[in-house]
Structures are given as structure tokens and as C-alpha cells.
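> got a structure for you, letters missing:
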């Protein structure tokens, strides 16, 4: 996968999530003359269209920032859960460094500063909270497989969001330049008319 964030977006780039491209207006005068003879009305119409496009980009950007923040919270949680399941699997199955255990004595978090003692009896099952008031029991191996898959998907989604945000920034900048050029052209024509 090309790192467009570092290398920039080529003209041939098409956003996989279908974010529309903002084309640079090479010659404002030619664009206005193609649309009719009432220069001021056409300039205002083009400016309104560009402004609407800019607002759409801002809306997309806001939604992507929200999604990115959710993922930045979710990814560490998934990683912690993977480590916990690995710890249980290692403790109960044993490995070359340690014998299998019949129970684990530990502490679990009730609140930011409150912990309780717990004894976890030997098990080969774990319950994972999937959200929406749903908890499902898995074997330790199935849980690891699911969690690793979810971790990879979340990391991939985060990369896509960062790419989309960089692309949106480019499109917003192009639209802002277009708006400025159209506005300045309108003022120039108004001054010439006076």
C-alpha cells in the first residue's frame, strides 16, 4: 500500500471510500464565460457551489476525526484483552518455562483507584464483551483468533482514516484556493465595470 500521507496524492488517485475530488480551476475567466454572460451572478453561483463543497469536506473531516478517536481508544483495549487471554492461556496450559497452574490469584480493577482480589480457577474458556449488551463465551484459542483479527481490522481502519483525513485536507485546500480565486475574479470584474 502506497503511503500517500508522506508522498502526496497523485492526480490519478481515486479515494477508495469515494470522497469526491476537488478539481483546481485553472482559468476562472474561461469557466465563467462558459456558463453565460451575467458575470456577477455566475461568480456568485460558482462561489456558492464551492462553499457547499467545502462544508461537505468539513463534515466528512469531523466524522473521520470522531471515528479516529474511537479507534484510538478501542485499539489499546483490544491489545490489553489479547495480552490478558495470552496470559491465561500460558498460565493454564503451561509452556517450556512454567508448569500449568490450577488457579491464578490476581487483582481486577473496579474503578480507577479501586481493585479487588480474585481467584481464577483453571479454565479453557473466556467470555468476551462484544458490545450492545452481548457477551459471548469462547475457547482461549478462539478468543485469541477473534481478538487478533479485530486488532488487525482496527489498525487497518485507522490507516484508512488517516489517509482519508490527509486527502480531505488536500481537497479542502484546493477548494479554498478556488473560492479565493473566484471571489477575487468577481471583485476584479466589478471594479472594471465601475
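Sure thing, it's come through. For clarity, every value in this text was computed on a predicted model and none was experimentally measured.
> Spell out the residue ranges of the helices in this structure.
Taking DSSP state H, the helices of the chain run over residues 4-7, 28-35, 39-93, 140-193.
> pLDDT at the residue nearest in space to the middle of the chain, what is it?
Nearest to the mean C-alpha position of the chain, counting by C-alpha atoms, centre = their mean, stands residue 161 at 2.9 Å. On the pLDDT scale, residue 161 is placed at 96.
> Repeat that for residue 5.
Note on residue 5: pLDDT of 72.
> hey, least reliable of the helices of the chain by pLDDT?
Among the helices of the chain, helix 4-7 scores lowest, at a mean of 71.
> Can you give the distance from it to the centre of its chain?
Mean-position distance between helix 4-7 and its chain equals 16 Å (C-alpha atoms, centre = their mean, to the nearest Å).
> Next: stretch 7-27.
Stretch 7-27 has its C-alpha centroid displaced from the chain centroid by 19 Å (C-alpha atoms, centre = their mean).
> So which bits of that stretch are buried?
9, 15, 19, 22, 25 (16 or more other C-beta atoms under 10 Å). C-beta: built from backbone N, CA, C; applies to glycine.
> How about the last one: what's its closest non-neighbour residue?
Sequence neighbours aside, residue 178 is the residue nearest to residue 25 in space, at 4.9 Å (criterion: C-beta to C-beta, 6 or more residues apart in numbering).
> And that neighbour, how far from residue 57?
Applying C-beta to C-beta, to the nearest Å, the value for residue 178 to residue 57 is 12 Å.
> Quick check: neighbours shared by those two?
Residues touching both residue 178 and residue 57 (C-beta atoms under 8 Å, 6 or more residues apart in numbering) are residue 22.
> farthest pair in the buried residues of stretch 7-27?
15 and 25 (20.1 Å; C-beta to C-beta).
> mind listing what residue 162 touches?
By C-beta under 8 Å, 6+ apart, the neighbours of residue 162 are 5, 68.
> could you redo the last one with a cut-off of 10 Å?
3-5, 64, 68, 71 (C-beta atoms under 10 Å, 6 or more residues apart in numbering).
> and these, which are buried?
By 16+ other C-beta under 10 Å, the contacts of residue 162 give 4, 64, 68, 71 as buried.
> count of neighbours near the nearest residue to residue 104 once chain neighbours are set aside?
Among residues not flanking residue 104 along the chain, residue 120 sits closest, at 4.4 Å (C-beta to C-beta, 6+ apart). When neighbours are defined as other C-beta atoms under 10 Å, residue 120 has 15 of them.
> coming back round to it: Serialize the helices of the chain to CSV and add fields for distance to residue 104.
Shown next, in CSV, are those (distance: least, C-beta to C-beta, whole Å):
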stretch, distance to residue 104
helix 4-7, 43
helix 28-35, 71
helix 39-93, 5
helix 140-193, 13
